[in-house]
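Peer 1: Return atomic coordinates for the entry below.
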Amino acid sequence: MKTLSTFVMAALLSVAFFSNADAIMLNATKDAYVFANAANTNFGSEQINLLKRQGSTQHNRKSYIGFDLSGLGPAPITAATLTLNFVDSNLGTLNSDGLNTAFEFELFGLMDQTLDGWGENSITWNNAPANMSGYSLGASAVSLGTFSLLGKGIGTYDFSSLLLADFLNADTNNLATLILRRNTDQTSANVNTYVHAFASLESQAGAKLTIEQIHAPIPEPSTVILLGAGLAGLGFMRWRRKS
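Peer 2: This is a model prediction of the structure:
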């Protein structure tokens with residue numbers, strides 16, 4: 001009886017624990033930045049997306065990124081990582097203190113899915129979803145977390161959070177809009193005027209989203225046979241004891 005129970009346990013464990021985690025990398029399908037000082041101008045064809053906060057002035061810039069999630073399976077998302085390639089915008093300057101400053105950025109998810117249809121070649125400051133004056137965003141944009149970059153922050157940066165995974169799991173239209181802004185303000189009109197930038201999809205080094213989902217595979221035939229035989233054997237042994 002003990003040996004038979006061992007076989008059954010082995011079969012159950014083989015089904016329960018030999019699940020696999022699949023990682024799928026998605027490229028952004030659209031992206032663009034919006035600029036308060038050119039509120040009706042579209043920048044969707046640019047090679048870079050810009051980020052800047054300067055109080056409530058017209059120099060603020062935010063960036064929008066869209067992903068198509070239709071290629072994902074039905075399994076829940078367990079982890080999600082956004083990869084951004086920060087580059088030198090060659091716009092503005094940083095003094096010595098600025099080069100050693102940790103600039104904070106914040107990622108948002110657009111919760112109102114009726115607004116996911118924004119166009120890369122038509123989005124502007126005035127029509128961007130959830131956009132408000134200054135650096136603010138409306139209630140339909142939920143924060144997914146913050147991160148910091150030193151100085152210009154040039155290089156590849158990976159952002160991951162449980163909130164990002166939860167946001168993607170809540171999606172129902174297979175479209176996800178992420179909004180990125182810089183929280184750190186420009187210190188004055190003439191100091192640390194730098195505009196941060198990350199590569200757009202037009203540059204072939206655009207944003208990427210790596211999704212992890214855990215799938216329980218279909219058991220091998222041998223496992224099914226072993227499990228069936230074990231369960232049948234347990235039933236037979238119980239019948240014999242009762243008899």
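Peer 1: And for the nearest residue to residue 185 once chain neighbours are set aside, the neighbour number?
Peer 2: Leaving aside its sequence neighbours, residue 185 sits nearest to residue 53 (CB to CB, 6 or more residues apart in numbering; 5.1 Å). Glycine gets a C-beta too; all of them are placed from N, C-alpha and C. For residue 53, the neighbour count with other CB atoms under 10 Å is 22.
Peer 1: Next, work out how far apart residue 53 and residue 110 are.
Peer 2: Distance, residue 53 to residue 110, using CB to CB, to the nearest Å: 19 Å.
Peer 1: which stretches of this protein aren't confidently modelled?
Peer 2: Applying pLDDT under 70 to the chain picks out residues 1-21, 187-191, 215-243.
Peer 1: got the domain boundaries for it?
Peer 2: In terms of domains, the chain is parsed into 1-19+219-243, 20-215 (source: automatic domain parsing).
Peer 1: Can you say which of those domains is packed in most?
Peer 2: Of the domains of the chain, the one with the most neighbours on average (mean count of other CB atoms under 10 Å) is domain 20-215, at a mean of 17.
Peer 1: Adjacent strands (with direction) for the host helix or strand of residue 33?
Peer 2: Per DSSP states H and E, residue 33 falls inside strand 30-35. Strand 30-35 sits in its sheet next to strand 61-68 (antiparallel), going by DSSP bridges.
Peer 1: hey, where'd the strands end up in this structure?
Peer 2: 20-27, 30-35, 48-51, 61-68, 77-87, 102-110, 141-150, 155-160, 175-182, 196-199, 208-215 (DSSP state E).
Peer 1: What are the contacting residues of stretch 99-109?
Peer 2: Stretch 99-109 is contacted by residues 51, 82, 94, 130, 137, 141-153, 159, 161, 163-164, 167, 176-184, 192, 196 when judged by CB atoms under 8 Å, 6 or more residues apart in numbering.
Peer 1: Dihedrals phi and psi, the closest residue to residue 115 other than its chain neighbours?
Peer 2: Leaving aside its chain neighbours, residue 115 sits nearest to residue 129 (3.8 Å; criterion: CB to CB, 6+ apart). Per-residue torsions, residue 129: phi -60, psi 130 (degrees, to the nearest 10).
Peer 1: now swap in residue 185 and tell me
Peer 2: Main-chain dihedrals, residue 185, degrees, to the nearest 10: phi -80, psi 150.
Peer 1: give me every residue that touches the closest residue in space to residue 73 that isn't next to it in sequence.
Peer 2: Distance criterion CB to CB, 6+ apart; nearest residue to residue 73, sequence neighbours excluded, is residue 213 at 6.1 Å. Taking CB under 8 Å, 6+ apart, we find residue 213 in contact with 21-22, 24, 72-73, 75-78.
Peer 1: All set now, cheers.
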